[in-house]
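*Asks:* take a look and give me a structure for this.
(chains A, B and C)
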Amino acid sequence: MAAVTEAPAPPAPTTPATKPPRRRGRFTPYWLLLPGILWLLVFFALPMIYQGSTSVQTGSLEQGYKVTWHFATYWDALSTYWPQFLRSVLYAAAATLLCLVLGYPLAYLIAFRAGRWRNLVMILVIAPFFTSFLIRTLAWKTILADNGPVVGALNTLHVLDVTNWLGWTAGDRVLATPLAVVCGLTYNFLPFMILPLYTSLERIDGRLHEAAGDLYATPFTTFRKVTFPLSMPGVVSGTLLTFIPAAGDYVNADLLGSTDTRMVGNVIQTQFLRILDYPTAAALSFILMAAILAMVTFYIRRSGTEDLV
Amino acid sequence: MTTDNSGDVRLSGIGKTYGSFTAVHPLDLTVPQGSFFALLGASGCGKTTTLRMIAGLEEPSSGTVHLGDQDVTRLPPYKRPVNTVFQSYALFPHLDIFENVAFGLRRRGIKSVKKQVEDMLDLVQLGEQARKKPHQLSGGQQQRVAVARALINHPKVLLLDEPLGALDLKLRRQMQLELKRIQTEVGITFIHVTHDQEEAMTMADTVAVMNAGRVEQLGSPTDLYENPQTTFVANFLGTSNLIEAEVDSRSGDRISLKAGGGKLTLPEARCSASATAGGKILVGVRPEKISLTHADDAGDIPEGRNRISGRIADSSFIGVSTQYVVDSPVCPEFEVYAQNIDRDPRLVPGAEVVLHWNPAHTFGLDAAQDIDAGVETVQPEEGVAA
Amino acid sequence: MGFVNWFKRHLVVLAGLVTLGYLLLPNIVVTVFSFNKPKGRFNYEWQQFSLDAWKDPCGVADMCGSLSVSLQIAVWATIGATVLGTMIAFALVRYRFRARGAVNSLIFLPMAMPEVVMAASLLTLFLNMGAQLGFWTILIAHIMFCLSFVVTAVKARVMSMDPRLEQAAQDLYAGPLQTFLRVTLPIAAPGIAAGALLAFALSFDDFIITNFNAGSTVTFPMFVWGSAQRGTPVQINVIGTTMFVLAVLFVLLSMAVGNRRNRRKA
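*Replies:* The predicted structure is shown next:
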C-alpha cells in the first residue's frame, strides 16, 4: 500500500502501474464468509441431508440402518400421526391469531401513546426473555391451577361452560386442555409478534394520521385505511415469527397439556429420544419442515411482501 | 347573510400553552371569506400552532374558533369543513395518487368519485399520473397532489402549512403563481403559514406577522412594508435602516427630529410611537428609497429632503442594482440600494457621500424596542442540526 | 357519557396494558413463589412465606452445576457466533461476490426453521458421525442457531453506516487495518453488541436443541425440565427472579450510560 500512496513522481510512461490496489481484496469476502458459511453448511445443511437419508432407511437399532428408499415410512407416519399434525397447525394458528390481537394494541401503545414511558414499557416487554422460558411456563401451572382464582372466575362467569362445549377445556379445569396449551404458546411467542409490529408502526409518519383525520376519516377509519395497511410488513413478519416456532413447539404441550394435546413436536421428540425409531422421527421432521416452508412461501407471496426477507 | 360569511374564520381569544411555555398568546383574528391570508413568522413563533388549532389538530387552551356562524372549537378534525395541505405533504405511501385524492370523498360516503377525482387531477395537471404511488413523483408533483387531495373536498377554508418549503427556489416561484391561480379560480379562503416573507407578500391579500406567540402587525403586504409599526416587522420584512433620534419639535403634521448632528423630518401619520418633544423614537427608511450623492455635489440636492452624510464602506454590484453599505455617525451600517441607471464612477468604497430621501418615506417607531428584532440571522434550529 | 368517551379514547391503552399484564404475570408468580415453602415436591401452590430458598440458592443437588454449564456454553457460543456472524455481515454489506443469494438464504433458513427440526437433524448427523454427545455438541449447535441472528443484527447496523466515512479515513492516511480498527469497528459496535446480547440470551435459554444433543450433560433449562417431572425446588424461582432483576438492571444501566453519553455530546 505504501508504494501506492507515495506515487505521483513525474509521470513515467514506462511503468504500467495501473493495477488497482483493490486487487488484494478480491478474495476478502470469501475469507470472511468461509468459517461461518462452512459452519452452517456442516451443522445446518448437511444434517438436513442426513435426515432425509435417514427417513428412507429401514432396519433396527441392533442391526443398523440401510438406505432402502422406503418412502412408505412417510405414509405410515402421516397416517398414524395426522391428529398431532392437525393439532400443531390449529394450536399454532390460534396462538398466532391471539398474539396478533393481544400484541397489536401493546405495540400501538408503545409506538404512539406511551410518550416518556416508551422505554420502560419496552424493557418490560423484553425483560421476561431473560428468565428461562421453562420457569415462566411452569408459572402458568400455578396461574391456571384447578382451584386457583383464574379458573374460579371463569367458572363463576360460566366461561368454562362455553369452552367445555367447544371442546377447548374439559371437566371444569383449564390445565391439561387445549386452552392451556394455546395460552402458553401465545404467552411464549408474544414478544416475537410485538417487536416487528412496533418496528413497522414506529416508522409511520405521524402526520399521516393527522392527514387522514383532516380528510374526514374517524379515528377508527384512520386505523383501518392508513395505520393497519402501513403496518402490514410488521404483521407478516410477526405472524411468521410466531407461527413457525409455535408449530414446532412441544414444551407447552408437554408442561401444560395432556396426552390429548400432543403436538407433532412431542411425537418427534419421543420417537427420537425414547423410542429410538429414527426413520419415522426423521420423516415426521421432514414433513413438518416441508409443510412450514410451503406455508411460509405461500403466505409471503400472498401478502406481497417478498422484499421482507 | 349566512351564505356570505360561511367561509369567515373567526378566532376569539385563542391561545395555546404547553405546561409553562406559551406557544400562542390569546389572539383575536378574523379572516374574511375568499381571502388569501398569510401567517408569517420565524420558526417557533406560533404560526403553525395557530393553523393547527384552526384545523382541529391541536386543542386550544383558551378561546374559540368560528367558521362563519358555527363554533367548531370542540369539533375533531374529521368533522370540520376545513382541509390542510401538510408540510412535506403527508401523502399516504400505500395508496396511489388517485386513491390519495379520493380519500376524503370516500370517507364522506361518496360513491362515484371517478369523475371528480379526474377533474381535480386535471386541474393540477396530473391526469397522467393517477395510478402512480407518491414516491414515484417529483417534489412539485407531490405538492400538487397534496393540494388536490385537500381541495377536492370543497372545504370552507384551505390551510397550507409551509406548502412550498420542500421545493427548490425556481419551483417555489412557479408554485406560488399556481396556488394563487387556483385560489382565484375556486374562490375559497386560503390560510397560508410560511416563514418566507417574499412568499407571503407575493401570494397573500392580507399578512399577519407573528413573533413569539403574538401577532405583531396585520395588513396588506404594501401596508406592512411601507408602514411597519414595530422593529420586528421593519426588519423581518425586507431590510430597514433604523436610526435613534430625539424629537425636536412638532409643527402641523410634521415632526422634526435630531439625529447625530443633522435634522430629519417625519410625517406624523407615519409615526406609530407617541412623539413628545425631547423624547426618543426610532426613525426608519427602506434602503431603496435612498439616493446617494457624492459629497462634492451636495449642493445639487433639492431642499426639503432628509439628509445624512457618511462614507461608503462597501459596495456590491448585483446587476439590476448596486448595494452600498455606508458608515455614518448616526448609524454604523446604513444600507442603500441604488438602481443602475446612471452610475457615478466616484461612488466607490472610501468616498464621502450624502444620503437623502423624501421625508414621506420615513417611518417612526417606539424607541423602547430591540432595534435588531427580526433581523435575519442563522436560523437557530438549523444551527443545532449542523 | 363522559366515562364512555374516556373509555373509547383510552381503549388502546387499556388493551395494551392488559397484554402487558399477561406478559408479566408469570414473572410476578415466579418471584412470589420464590418465597414459598411448599409442602410436597412441587412448588405450584402457595403455602407460607419463607426465605429458605434465598438463603441457600445452591441447596439443590446439581442445580448450580447446570447453571455453570449453561453460562459456559452461552459465553463460548456468544463469542463464536459473534465473530463468525460479524465477518459474514461485513462480507454481505461491503463486498460484491457470487452466490450472494445462496448465502442470504443459508442465513435466513435457520431462523425460519422450527427448532425441533434442526435439533432432530443435527442429532442424526452426530449419531452418523459417531460423535460423543455433550458439551461440545451443544456448543456447536448453539453457535449454529445463534449465527443467523448475529448476522441480521450486525448487517442492519453496517448497512446504515455511511461508506464515505471509511473513504474519509483512508483519505486521512489510515491504512486498511487502521480504518477498520479506528472507524469501522467503533461505528458497528452497537450492532455487534446487540447481536452478542441476543446470542447470549438465545443460547442460555435454549432447551429444545440442547435436549436433543446434550447426551448426559445437563444445562440449566434441562434441569428445570427434569424437575418439572420429578419435583420443582423453590431455588429455581430464586434463579429465575435473580435473572429477571439482573436483566432489568443491566438494561437500565446501559440506557443511563447511553443517555449520559448523548448528553455530553449535545
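
*Asks:* name the single longest helix found in chain B.
*Replies:* Assignment by DSSP state H gives helix B:169-186 as the longest helix of chain B.

*Asks:* residues contacting the most centrally placed residue in chain A?
*Replies:* For chain A, the residue nearest the mean C-alpha position is A:L241 (3.0 Å; CA atoms, centre = their mean). Taking CB atoms under 8 Å, 6 or more residues apart in numbering or on different chains, we find A:L241 in contact with A:189, A:192-193, A:196. Backbone N, C-alpha and C define where each C-beta goes, glycine included.

*Asks:* ok, and which of these reach chain B?
*Replies:* Among these, no residue is within reach of chain B (CB under 8 Å from any CB of the partner chain).

*Asks:* TSV for these, including pLDDT, distance to C:A169 and neighbour count?
*Replies:* Shown next, in TSV, are the contacts of A:L241 (pLDDT from 0 to 100; distance: CB to CB, whole Å; neighbours: other CB atoms under 10 Å in any protein chain shown):
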residue	pLDDT	distance to C:A169	neighbour count
A:F189	94	43	26
A:F192	91	38	22
A:M193	95	41	31
A:P196	93	35	24
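
*Asks:* before we move on, back to that, list the buried ones in the longest helix of chain B?
*Replies:* By 16 or more other CB atoms under 10 Å in any protein chain shown, the buried positions in helix B:169-186 come out as B:171-172, B:175-176, B:178-179, B:182-183.

*Asks:* from the contacts of A:L241, which is closest to B:I318?
*Replies:* Comparing those against B:I318 with CB to CB picks out A:P196 as the nearest, at 56.7 Å.

*Asks:* residue contacts, the closest one?
*Replies:* A:233-234, A:237-238, A:241.

*Asks:* TSV please, covering the buried residues of helix B:169-186 and showing pLDDT and distance to B:G261.
*Replies:* Output for the buried residues of helix B:169-186, formatted as TSV (pLDDT from 0 to 100; distance: CB to CB, whole Å):
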residue	pLDDT	distance to B:G261
B:L171	86	51
B:R172	87	46
B:M175	87	50
B:Q176	89	46
B:E178	87	53
B:L179	89	50
B:I182	87	55
B:Q183	90	51
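
*Asks:* as JSON lines, the residues you listed with distance to B:P155 would be great.
*Replies:* Output for these, formatted as JSON lines (distance: CB to CB, whole Å):
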{"residue": "B:L171", "distance to B:P155": "25"}
{"residue": "B:R172", "distance to B:P155": "23"}
{"residue": "B:M175", "distance to B:P155": "19"}
{"residue": "B:Q176", "distance to B:P155": "20"}
{"residue": "B:E178", "distance to B:P155": "18"}
{"residue": "B:L179", "distance to B:P155": "15"}
{"residue": "B:I182", "distance to B:P155": "13"}
{"residue": "B:Q183", "distance to B:P155": "12"}
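
*Asks:* which of those residues sits closest to chain C?
*Replies:* B:L171 (28.1 Å; CB to the nearest CB).

*Asks:* low pLDDT regions in the chain?
*Replies:* By default, I'm working from chain A. A:1-25, A:304-309 (pLDDT under 70).

*Asks:* oops, I was thinking of chain C
*Replies:* C:1, C:263-266.

*Asks:* and it, what are its domains?
*Replies:* C:2-52, C:60-233 (automatic domain parsing).

*Asks:* buried residues of the helix of greatest length in chain A, list them for me.
*Replies:* Longest helix in chain A, counting residues (DSSP H): helix A:72-108. The neighbour-count check on helix A:72-108 (16+ other CB under 10 Å) flags A:73-74, A:77, A:81, A:84-85, A:87-89, A:91-96, A:98-100, A:102-108 as buried.

*Asks:* count of neighbours near the residue in the stretch 101-250 of chain C positioned nearest to chain B?
*Replies:* Residue nearest to chain B within the stretch 101-250 of chain C: C:D162 (16.5 Å; CB to the nearest CB). Counted with other CB atoms under 10 Å in any protein chain shown, residues neighbouring C:D162 total 9.

*Asks:* get me the contact residues on the stretch 151-266 of chain C for chain A.
*Replies:* Counting by CB under 8 Å from any CB, the stretch 151-266 of chain C sits next to chain A at C:151, C:173, C:175-176, C:201, C:204-205, C:207-208, C:211-212, C:220-221, C:224-225, C:228, C:232, C:236-237, C:239-241, C:243-244, C:246-248, C:251-252, C:255.

*Asks:* which of those count as buried?
*Replies:* C:151, C:176, C:201, C:204-205, C:207-208, C:211-212, C:220-221, C:224-225, C:228, C:232, C:236-237, C:239-241, C:243-244, C:247-248, C:251.

*Asks:* of the residues you listed, which belong to helices?
*Replies:* Short answer: these in helices (DSSP H) are C:151, C:176, C:201, C:204-205, C:208, C:211-212, C:220-221, C:224-225, C:228, C:236-237, C:239-241, C:243-244, C:247-248, C:251.

*Asks:* one step back: near chain C, anything from the longest helix of chain A?
*Replies:* Yes: residues of helix A:72-108 are located near chain C by CB under 8 Å from any CB, namely A:102-103, A:105-106, A:108.

*Asks:* roughly how far is stretch A:45-61 from the heart of the chain?
*Replies:* 25 Å (CA atoms, centre = their mean, to the nearest Å).

*Asks:* returning to what we had before: out of the contacts of A:L241, which one sits closest to A:G206?
*Replies:* The closest of the contacts of A:L241, once distances to A:G206 are taken by CB to CB, is A:P196, at 19.7 Å.

*Asks:* the closest one - that's part of a helix, no?
*Replies:* Yes: A:P196: assigned to a helix according to DSSP: H, G, I helix; E, B strand; the rest coil.

*Asks:* skip the chain neighbours and tell me the closest residue to A:Q51.
*Replies:* C:S121 (3.9 Å; CB to CB, 6 or more residues apart in numbering or on different chains).

*Asks:* also C:P114?
*Replies:* A:G248 (2.3 Å).

*Asks:* and the one you found, what is it in contact with?
*Replies:* A:G248 neighbours (CB under 8 Å, 6+ apart): A:88, A:264-265, A:288, A:292, C:114-117, C:208.

*Asks:* in its sheet, what does the next helix or strand after the longest helix of chain B sit against?
*Replies:* Counting by DSSP states H and E, the next helix or strand C-terminal to helix B:169-186 is strand B:189-194. Strand B:189-194 has the following sheet partners, assigned by DSSP bridges: strand B:36-40 (parallel), strand B:157-161 (parallel).

*Asks:* so how far is the last one off the chain centroid?
*Replies:* Meaning strand B:157-161. 15 Å.

*Asks:* alpha carbons only: can I get that strand in PDB?
*Replies:* Coordinates of each C-alpha in strand B:157-161 appear next as PDB, following Å, rounded to 0.1, in the frame of the first residue of the first chain:
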ATOM      1  CA  VAL B 157     -61.200  27.000   4.300                       C
ATOM      2  CA  LEU B 158     -57.900  25.600   3.000                       C
ATOM      3  CA  LEU B 159     -55.000  25.600   5.400                       C
ATOM      4  CA  LEU B 160     -51.500  25.500   4.000                       C
ATOM      5  CA  ASP B 161     -48.600  24.600   6.300                       C
END
